[in-house]
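> let me see the structure of the following:
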Amino acid sequence: MDYDTSNGSPYDRGSADSYYQRPYDPHYWPKGTYKGQRIELEDMTPQQITEYFKGYEDNESEGNFKDYG
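Predicted coordinates:
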């Protein structure tokens with residue numbers, strides 16, 4: 001399945017949360033990250049939530065994390 005990986009998409013935000021080692025927090029920004037209104041879990045469709053978790057899990061599997069050291 002192809003996912004929308006554009007900036008601010010649910011997949012992108014899941015991937016970013018994992019990268020920065022933040023906990024699961026499904027959300028997205030329809031106009032791009034930090035642009036417009038942040039859409040929270042309660043306003044997301046099941047597909048969008050799936051995409052968020054897929055982005056998170058893909059990054060976890062890759063082990064691509066920010067080096068804070």
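
> tell me the secondary structure for Q47?
Secondary structure, DSSP: H, G, I helix; E, B strand; the rest coil: Q47 is helix.

> contacts for stretch 30-45?
The contact list for stretch 30-45, computed with Cβ atoms under 8 Å, 6 or more residues apart in numbering, reads 6-8, 10, 12-13, 16, 25-29, 48-49, 52. C-betas here are computed from N, CA, C, even on glycine.

> hmm, I typed the wrong one, I wanted stretch 62-69.
With Cβ under 8 Å, 6+ apart as the contact definition, stretch 62-69 has outside contacts at 18-21, 59.

> let's see 7 Å
The contact list for stretch 62-69 (Cβ atoms under 7 Å, 6 or more residues apart in numbering) reads 19-21.

> W29: how many residues sit nearby?
A count of neighbours around W29, defined by other Cβ atoms under 10 Å, yields 18.

> surely it touches S6?
No - between W29 and S6 there is no contact under Cβ atoms under 7 Å: 10.2 Å.

> filter the contacts of stretch 62-69 down to the buried ones, ChimeraX style.
Buried subset of the contacts of stretch 62-69, written as a ChimeraX selection, criterion 16 or more other Cβ atoms under 10 Å:
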select :19
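
> so which of the contacts of stretch 62-69 sit within helices?
Y19 (DSSP state H).

> dump the contacts of stretch 62-69 to TSV, plus pLDDT and distance to D2.
Converted to TSV, the contacts of stretch 62-69 look like this (pLDDT from 0 to 100; distance: Cβ to Cβ, whole Å):
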residue	pLDDT	distance to D2
Y19	98	21
Y20	98	25
Q21	97	27
